[in-house]
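>>> when you get a sec, could you give me coordinates for this:
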Amino acid sequence: MASSLSVLQRVISVVREIAHKEIMPRYLQVERIYKADGSFYTAADLAAQESLLEELHKISPIAMLGEEMPEAQQQERWETSQGEVWSIDPIDGTSNFMNGLPYFAVSVALMRAGRSVLGVVYNPATDEMFYAEQGKGAFLNGQALPLSRHSAAKPSLNKAIANVDLKRLDHKLAMAIVTQPPYASQRNYGACTLEWCYTAAGYFDLYLHGGQKPWDYAAGCLILEEAGGHRCTLHEDDYWGSYPWRRSVIGALDRDLFIQWRDWVRTHA
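So this is what the prediction gives:
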């Protein structure tokens with residue numbers, strides 16, 4: 001494999017090119033195809049994943065884990081990756097893509113021994129390219145993250161903006177959030193990979209999700225970490241050591257705010 005920086009540059013180039021070649025020409029132009037579990041994908045998802053697998057293999061011919069692969073194949077790729085794998089989501093936020101909402105992204109991460117060391121998340125509708133390498137910081141279109149920097153005053157949970165995905169939370173926690181939210185305002189736009197990045201940028205103060213798969217969190221989690229953010233799961237402080245196929249997340253950019261948010265969530269979960 002080439003040097004880390006050259007690998008990152010190549011991945012960014014591949015992601016941008018495939019997004020504009022395979023995804024954007026199909027924007028609002030494709031029909032949904034249903035899977036056995038009721039979820040769906042489109043011809044754009046398949047075309048983008050096929051191209052990503054081909055081009056990333058040229059960068060490093062290691063195991064490939066894609067969201068649109070059959071579940072058995074995903075499990076096999078993860079278990080036999082020998083410690084190194086590309087984790088790919090060709091379009092995160094497919095329903096947004098289908099309906100014309102400009103909040104969807106291509107996500108690519110390089111993982112070693114179950115942890116991400118390189119991550120790229122790109123929204124071609126807004127030309128937002130988020131990326132990070134382990135130990136080298138996180139960026140949006142060349143600008144270091146976070147973009148939004150709060151005042152020197154200690155952050156307050158009751159003034160925070162939270163991104164919360166309610167549908168994957170257990171009933172008790174979801175009801176507590178609905179009836180007695182500890183924050184000022186809530187958002188949920190339906191694309192995990194961008195939710196991580198928007199938290200890293202400082203657009204959201206808090207993040208909560210009940211369960212994600214590797215292609216949902218692999219790139220975004222690294223970007224938040226490299227931006228100086230903090231994260232854990234609903235029940236474990238060791239985020240990377242938790243179960244990889246339904247990994248929850250409690251996250252925040254500011255450490256004091258993260259502790260307040262983590263403690264509130266765990267008290268009500």
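>>> excluding covalently adjacent residues, which one is nearest to Ala160?
Asp205 (3.7 Å; Cβ to Cβ, 6 or more residues apart in numbering). Every C-beta, even on glycine, is put in place using the N, C-alpha and C of the backbone.
>>> shouldn't Glu67 be in contact with Lys213?
Yes - assessed by Cβ atoms under 8 Å, Glu67 is found in contact with Lys213 at 7.4 Å.
>>> quick check, pLDDT for Lys154.
On the pLDDT scale, Lys154 is placed at 62.
>>> ugh, wrong one, Ala36
Predicted confidence (pLDDT) for Ala36: 64.
>>> how about Ile250: which residues does it bridge to?
Going by DSSP bridges, Ile250 is paired in beta bridges with Leu208, Cys232.
>>> next, count neighbours for it.
Neighbourhood size, Ile250 [other Cβ atoms under 10 Å]: 24.
>>> please apply the same query to Pro146.
Pro146 has 20 nearby residues by other Cβ under 10 Å.
>>> now Thr193: how far from Gln212?
Applying Cβ to Cβ, to the nearest Å, the value for Thr193 to Gln212 is 9 Å.
>>> next one: Tyr198
Tyr198 is 15 Å from Gln212, where distance means Cβ to Cβ.
>>> export only the CA atoms of stretch 16-32, formatted as PDB.
Extracted as PDB, the C-alpha positions of stretch 16-32 are listed here (Å, rounded to 0.1, in the frame of the first residue of the first chain):
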ATOM      1  CA  ARG A  16     -16.000  12.200  -5.700                       C
ATOM      2  CA  GLU A  17     -15.700  10.700  -9.200                       C
ATOM      3  CA  ILE A  18     -18.100   7.800  -8.600                       C
ATOM      4  CA  ALA A  19     -20.600  10.000  -6.800                       C
ATOM      5  CA  HIS A  20     -20.800  12.300  -9.800                       C
ATOM      6  CA  LYS A  21     -20.700   9.500 -12.400                       C
ATOM      7  CA  GLU A  22     -23.000   6.900 -10.800                       C
ATOM      8  CA  ILE A  23     -25.100   8.600  -8.200                       C
ATOM      9  CA  MET A  24     -26.000  12.200  -9.200                       C
ATOM     10  CA  PRO A  25     -27.200  11.400 -12.800                       C
ATOM     11  CA  ARG A  26     -29.700   9.000 -11.100                       C
ATOM     12  CA  TYR A  27     -30.900  11.600  -8.600                       C
ATOM     13  CA  LEU A  28     -34.800  11.500  -8.600                       C
ATOM     14  CA  GLN A  29     -34.500   9.100 -11.600                       C
ATOM     15  CA  VAL A  30     -34.600   5.600 -10.000                       C
ATOM     16  CA  GLU A  31     -37.100   3.300  -8.400                       C
ATOM     17  CA  ARG A  32     -36.700   1.500  -5.100                       C
END
